[in-house]
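Novice: Here's my sequence, what's the structure:
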Amino acid sequence: MSDSLLTARDQEELLSIAYAHAVSARAGYATAVYDKDRDGIDMRIQAGGDMRPAIEIQLKATINLRGPEDGVYRFSLPVRNYDLLRLPTQTPRILVVLDLPREEEQWMTINEDSLVIRHRAYWTNLAGFDETSNVSNITVPIPVQNVFDVQALCDLMEQSRSGRIQ
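Specialist: Numbers count the residues shown, from 1 in each chain. Model prediction:
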């Protein structure tokens with residue numbers, strides 16, 4: 001689109017936010033998007049019930065998700081984000097990565113029956129990971145089975161009630 005104001009990276013970011021909003025909405029959870037990413041967190045998801053659990057997420061999107069090999073995808077994450085996600089926090093934090101097709105025109109389609117964002121997102125918990133000597137990026141593993149969908153979010157929220165995500 002010749003009159004577009006957003007770069008492809010901007011669009012990737014906004015699609016990852018839309019994906020997380022959709023999953024959260026379907027689970028019946030409230031969301032809050034932070035205006036500024038000063039602490040490595042883009043969105044907070046809040047549930048009701050006992051303990052009023054919440055999780056905080058760092059959202060990423062990529063056309064370059066590597067793998068899967070040995071049951072994990074590999075994602076290059078800025079060291080700053082890695083360090084902030086591995087720290088102990090009162091509210092559990094996870095990384096959510098939206099895997100997008102290489103061709104931009106396939107990222108999202110709309111027809112009379114559906115709105116589709118392709119492909120899907122995966123999550124990982126980096127809490128307790130080791131410090132790195134890397135300066136700019138570090139490759140992190142994301143288990144193939146960790147699809148970020150409604151059931152996974154509900155399971156994560158149940159784990160958050162205890163203050164820990166496995």
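Novice: Which positions in the longest helix that the chain contains come out as buried?
Specialist: Longest among the helix segments of the chain by residue count, using DSSP state H, is helix 8-27. For helix 8-27, a neighbour-count test (16 or more other C-beta atoms under 10 Å) marks Q11, E12, E13, L15, S16, I17, Y19, A20, V23, S24, A27 as buried. From N, CA and C alone the C-beta is placed, and that goes for glycine too.
Novice: now for the very next helix or strand once past it, which elements pack on it?
Specialist: Sequence order places strand 30-33 as the next helix or strand after helix 8-27, per DSSP states H and E. If you count contacts as 3 or more C-beta pairs under 8 Å, 6 or more residues apart in numbering; DSSP states H and E, strand 30-33 packs onto helix 8-27, strand 43-46.
Novice: what about the ones you listed, which gets the closest to K60?
Specialist: Closest approach to K60 among these is made by helix 8-27 (6.5 Å; C-beta to C-beta).
Novice: returning to that earlier point: which among the helices and strands packed on strand 30-33 is found nearest to V97?
Specialist: helix 8-27 (7.9 Å).
Novice: mean confidence score for that closest one?
Specialist: On average, the pLDDT along helix 8-27 is 97.
Novice: Now do that helix: everything it contacts.
Specialist: The set of residues external to helix 8-27 that reach it, using C-beta atoms under 8 Å, 6 or more residues apart in numbering, is 6, 30-31, 33, 42-43, 45, 47, 57, 59-63, 96-98, 100, 104, 107-108, 117, 121, 148-150, 153-154, 157.
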